[in-house]
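K.L.:
What would the 3D arrangement of this be:
(one chain, ligands or ions: 2)
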Amino acid sequence: MLRDPSTKYRPFAHADLPDRTWPSRAITQAPRWLSTDLRDGNQALIDPMDAEKKQRFFDMLVKIGFKEIEVGFPSASQTEFDFVRSLVEGGKVPDDVTVQVLTQARRDLIERTFESLRGAPRAIVHMYNAISPAWRRIVFGMDRAGIKDIAVKGVTIMREQAEKYPETDWIFEYSPETFSTAEPDFALEVCEAVLDVLQPTPDKPVILNLPATVEAAGPHIYADQIERFCRQISRRDSVIISVHPHNDRGTGVAAAELAVQAGADRVEGCLFGNGERTGNVDLVTLGLNLYTQGVDPGLDFSDIQSVVQTVQYCNQIPVHPRHPYAGELVFTAFSGSHQDAIKKGFAAQAGRNDQVWDVPYLPIDPTDLGCGYEAVIRVNSQSGKGGIAWVMEQDKGLKLPRPLQIDFSRVVQGYADETSRELTAADIWSIFQDTYCLTGLQRFELIDYQETGTAGSKERMFAGRVSVGREERSISGRGNGLLSSVLAALKVDCGVDLDIVDYQEHAIGHGGDARAAAYVECRTGDGRKVFGVGIDTDVATASVRAVLSAANGAG
Ligand SMILES: CC(=O)SCCNC(=O)CCNC(=O)[C@H](O)C(C)(C)COP(=O)(O)OP(=O)(O)OC[C@H]1O[C@@H](n2cnc3c(N)ncnc32)[C@H](O)[C@@H]1OP(=O)(O)O
Ligand SMILES: CC(C)C(=O)C(=O)O
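P.N.:
Numbering: from 1, shown residues only. Ligands and ions are numbered 1, 2, ... in the order given. From the prediction side, this is the model:
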């Protein structure tokens, strides 16, 4: 890299719009969407889609709710031409969906394009030519007049072709390609000349699509360009202003949103931001950004993972695990403080009597997109007690008391640190069972017991059979309750001296399958803290097991 990049790269020359109004406007309704996955997306693939993939993608776009779909560049190849024919001839385009196709401004290509749509009830023909200084100079070797002439001649041919196929309701779209890097006055001049030919009316508007073919400046600059254009173009009521942002600077979504604030009616883009170089603007993110502002995007992503799968299959490009709303990790918190806040957020949400979504760190309810809550918290060495407790509750229904959470999280963190990997719910359960002596051969294991008491007396008596090591032994003790009598039995018959500091219990599950979980926090004779956990179909037995678990832990 250069130490002084200004010797090679020039800052973007921005025609300022000091009285801009877009910053204080909000988006209160969705723009018209045009998916160009089957054209701009497809032309960016290593292996362009075959007919089967294109059809599958098209059907998915229809299912999501796209009403305008750019289906290809029919003059580019026989495959492209045939696909458009198959849609038209096969009657595969629903009545409320309009297909769009792209062509360069060249007679042979325009004629072939119209031919591909013969018999379609309605279609958008989209013609483009680049207009910015570098393209004029480098690609076309033409001056402004020459470039304008390409556009005017092209749309004149479009009109002529439309007359040749009167059975179709034709909609014209013109893109001054490279709009965002062109001089604003020239972009306007070319578009006015195009409108002079096409003569749009409010009933029969023309789509003027203003692309950021290469994103070369910040999104605020694009918004200024769009607002200026919307103010200056004549026949505004007869023109649909469309935007087509690319993502070279990584701000395609911002550019589209600000452009809509600035007056754009329509947005062209691709699902998950596929497209040339760094992609077209991502329509999934745009749609769901609106949704999380309470605005219906008119696009249905309620099974987002099936959309991901289809797009990955058709594009043969993976969707990034951190892709907004759709990546496999975007609803997952690994870090302790995030997990703690999410867990508290779910508890607060459950306690509130409204539907308003307000869970820290989760901008959208995963279930709205067909995703569950299982993956919301995953555990590694960055995790804390809240996250670990969440996994225990989700996976096993165990609601660990706070002191036990703290004790257990230290153990889990130790494992995570040692293994340097994510711990699954099964790992955590196995660590829990080991730590609180719920599995394997234990020093004290309950075989059975009886609890007795005398009427009128508070005294209880515990008489139990336990295996101590491999040896079966009878133990008994008295106290003013079951737990104290178990503690007395352990002290007298087994030499284990424990005091209960805290006891908690809860049901796991409901109905006939319900079980009980009991937790004890104990202090040993030499002042150590030990925890015990017991699980049983009977709550009293669970509590006895919890005390024996603590006795095992006391060592
Ligand atoms: C920003 C975008 O995404 S625009 C869409 C881009 N998509 C595609 O190009 C995919 C489909 N394209 C194709 O299959 C081919 O390029 C075709 C069939 C359209 C044309 O192929 P070819 O005739 O071989 O021309 P080629 O691809 O080299 O195009 C370059 C020529 O077209 C001219 N040209 C480029 N764009 C346009 C345009 N919009 N209108 C008129 N002429 C144009 C160039 O100046 C160049 O002319 P030259 O040969 O006289 O120098
Ligand atoms: C044809 C135009 C709209 C285009 O794809 C672009 O400029 O990126």
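K.L.:
how about the lengthiest helix in the chain: buried residues?
P.N.:
Counting residues, the longest helix found in the chain (DSSP state H) is helix 144-164. Neighbour-count burial for helix 144-164 flags 144, 147-158, 161-162 (criterion: 16 or more other Cβ atoms under 10 Å). The way it works is simple: take the backbone N, C-alpha and C, and place the C-beta from them, glycine included.
K.L.:
likewise stretch 292-306?
P.N.:
Residues of stretch 292-306 classed as buried by neighbour count (16+ other Cβ under 10 Å): 297-299, 301, 304.
K.L.:
Would you map the strands across this protein?
P.N.:
32-35, 68-72, 98-104, 122-130, 169-177, 206-212, 239-245, 266-269, 444-453, 460-468, 471-479, 498-508, 515-524, 529-536 (DSSP state E).
K.L.:
got a list of contacts for the third one?
P.N.:
When you say that, I think you mean strand 98-104. The contact list for strand 98-104 (Cβ atoms under 8 Å, 6 or more residues apart in numbering) reads 34, 39, 67-75, 84, 87, 93, 109-110, 112-113, 116-117, 120, 122-129, 154, 171, 173.
K.L.:
and it, which strands flank it?
P.N.:
Strand 98-104 has its sheet partners listed here by DSSP bridges as strand 68-72 (parallel), strand 122-130 (parallel).
K.L.:
among those strands, which is the most enclosed?
P.N.:
Of all the strands paired with strand 98-104, strand 68-72 carries the top mean neighbour count, a mean of 26, counting by mean count of other Cβ atoms under 10 Å.
K.L.:
ok and that one relative to strand 206-212, angle-wise?
P.N.:
On the basis of axes from the mean of the first three to the mean of the last three Cα atoms, to 10 degrees, strand 68-72 is oriented at 70 degrees to strand 206-212.
K.L.:
Quick one: mean pLDDT over strand 68-72.
P.N.:
Averaged across strand 68-72, pLDDT comes to 99.
K.L.:
May I have that strand exported as CSV, CA atoms only?
P.N.:
Taking Å, rounded to 0.1, in the frame of the first residue of the first chain, the C-alpha atoms of strand 68-72 are listed here in CSV:
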residue,chain,number,x,y,z
GLU,A,68,-41.2,-7.5,-10.0
ILE,A,69,-38.5,-10.0,-10.9
GLU,A,70,-35.7,-9.4,-13.4
VAL,A,71,-35.4,-12.8,-15.0
GLY,A,72,-32.4,-12.4,-17.2
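K.L.:
Does at least one residue of that strand sit close to ligand 2?
P.N.:
No - using Cβ under 6 Å from any ligand atom, strand 68-72 stays clear of ligand 2, coming no nearer than 9.1 Å.
K.L.:
Let me know whether that strand sits next to ligand 1.
P.N.:
No - taking Cβ under 6 Å from any ligand atom as the criterion, strand 68-72 and ligand 1 are apart, separated by no less than 9.0 Å.
K.L.:
And the residue nearest the centre of the chain?
P.N.:
Closest to where the C-alpha atoms of the chain average out (Cα atoms, centre = their mean) is Tyr325, at 1.1 Å.
K.L.:
Need the nearest residue in space to it, chain neighbours excluded.
P.N.:
Nearest residue to Tyr325 in three dimensions, chain neighbours excluded: Leu288, at 4.6 Å (Cβ to Cβ, 6 or more residues apart in numbering).
K.L.:
List the contacts of the one you found.
P.N.:
Shown in contact with Leu288 (Cβ under 8 Å, 6+ apart): 297, 301, 324-325, 364, 369.
K.L.:
Now tabulate those in a markdown table and tack on distance to His246.
P.N.:
Putting those into a markdown table (distance: Cβ to Cβ, whole Å) gives the following:
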| residue | distance to His246 |
| --- | --- |
| Pro297 | 21 |
| Phe301 | 22 |
| Pro324 | 17 |
| Tyr325 | 20 |
| Ile364 | 26 |
| Leu369 | 26 |
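K.L.:
Can you check the pLDDT for Gly511?
P.N.:
pLDDT, Gly511: 87.
K.L.:
ok, stretch 281-297 near ligand 1 or not?
P.N.:
No - Stretch 281-297 stays clear of ligand 1 (Cβ under 6 Å from any ligand atom), getting no nearer than 13.4 Å.
K.L.:
pull the CA atoms of that stretch into PDB?
P.N.:
C-alpha atoms of stretch 281-297 as PDB (Å, rounded to 0.1, in the frame of the first residue of the first chain):
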ATOM      1  CA  VAL A 281     -27.800  -4.300  -2.200                       C
ATOM      2  CA  ASP A 282     -29.100  -7.100   0.100                       C
ATOM      3  CA  LEU A 283     -32.900  -7.200  -0.100                       C
ATOM      4  CA  VAL A 284     -33.300  -9.500   2.800                       C
ATOM      5  CA  THR A 285     -31.500  -7.100   5.100                       C
ATOM      6  CA  LEU A 286     -33.400  -4.100   3.700                       C
ATOM      7  CA  GLY A 287     -36.800  -5.900   4.200                       C
ATOM      8  CA  LEU A 288     -36.100  -7.100   7.700                       C
ATOM      9  CA  ASN A 289     -34.600  -3.700   8.700                       C
ATOM     10  CA  LEU A 290     -38.000  -2.300   7.800                       C
ATOM     11  CA  TYR A 291     -39.800  -5.100   9.700                       C
ATOM     12  CA  THR A 292     -37.800  -4.300  12.900                       C
ATOM     13  CA  GLN A 293     -39.000  -0.700  12.600                       C
ATOM     14  CA  GLY A 294     -42.600  -1.900  12.600                       C
ATOM     15  CA  VAL A 295     -43.000  -1.500   8.800                       C
ATOM     16  CA  ASP A 296     -44.400  -4.400   6.800                       C
ATOM     17  CA  PRO A 297     -41.800  -5.100   4.000                       C
END
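K.L.:
Could you list the residues of the protein in contact with ligand 1?
P.N.:
Residues of the chain found near ligand 1 (Cβ under 6 Å from any ligand atom) are 40, 43, 73, 75-76, 104-106, 109, 128-129, 139-140, 150, 177, 213.
K.L.:
and if we set it to 5 Å?
P.N.:
43, 73, 76, 104-106, 128-129 (Cβ under 5 Å from any ligand atom).
K.L.:
Closest residue of the stretch 451-555 of the chain to ligand 1?
P.N.:
Gly509 (57.3 Å; Cβ to the nearest ligand atom).
K.L.:
pLDDT of stretch 250-260, averaged?
P.N.:
Mean pLDDT, computed over stretch 250-260, is 99.
K.L.:
Export only the CA atoms of it, formatted as PDB.
P.N.:
Output of stretch 250-260 as PDB, limited to C-alpha atoms (Å, rounded to 0.1, in the frame of the first residue of the first chain):
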ATOM      1  CA  GLY A 250     -19.900  -2.000   2.200                       C
ATOM      2  CA  THR A 251     -22.600   0.500   2.600                       C
ATOM      3  CA  GLY A 252     -25.100  -0.700   0.000                       C
ATOM      4  CA  VAL A 253     -27.900  -1.200   2.500                       C
ATOM      5  CA  ALA A 254     -27.400   2.300   4.000                       C
ATOM      6  CA  ALA A 255     -27.300   3.800   0.500                       C
ATOM      7  CA  ALA A 256     -30.600   2.200  -0.300                       C
ATOM      8  CA  GLU A 257     -32.300   3.200   2.900                       C
ATOM      9  CA  LEU A 258     -31.100   6.800   2.600                       C
ATOM     10  CA  ALA A 259     -32.100   6.800  -1.100                       C
ATOM     11  CA  VAL A 260     -35.600   5.800  -0.100                       C
END
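K.L.:
can you tell me if it touches ligand 2.
P.N.:
No - using Cβ under 5 Å from any ligand atom, stretch 250-260 stays clear of ligand 2, coming no nearer than 10.9 Å.
K.L.:
in that stretch, what counts as buried?
P.N.:
So, applying 16+ other Cβ under 10 Å, buried residues of stretch 250-260: 251-260.
K.L.:
same thing with stretch 106-122?
P.N.:
Judged by neighbour count (16+ other Cβ under 10 Å), stretch 106-122 contains these buried residues: 106, 109-117, 120.
K.L.:
Can I get the residues you listed in a markdown table including distance to ligand 2?
P.N.:
Converted to a markdown table, the buried residues of stretch 106-122 look like this (distance: Cβ to the nearest ligand atom, whole Å):
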| residue | distance to ligand 2 |
| --- | --- |
| Arg106 | 14 |
| Leu109 | 13 |
| Ile110 | 14 |
| Glu111 | 19 |
| Arg112 | 17 |
| Thr113 | 13 |
| Phe114 | 18 |
| Glu115 | 20 |
| Ser116 | 17 |
| Leu117 | 18 |
| Ala120 | 20 |
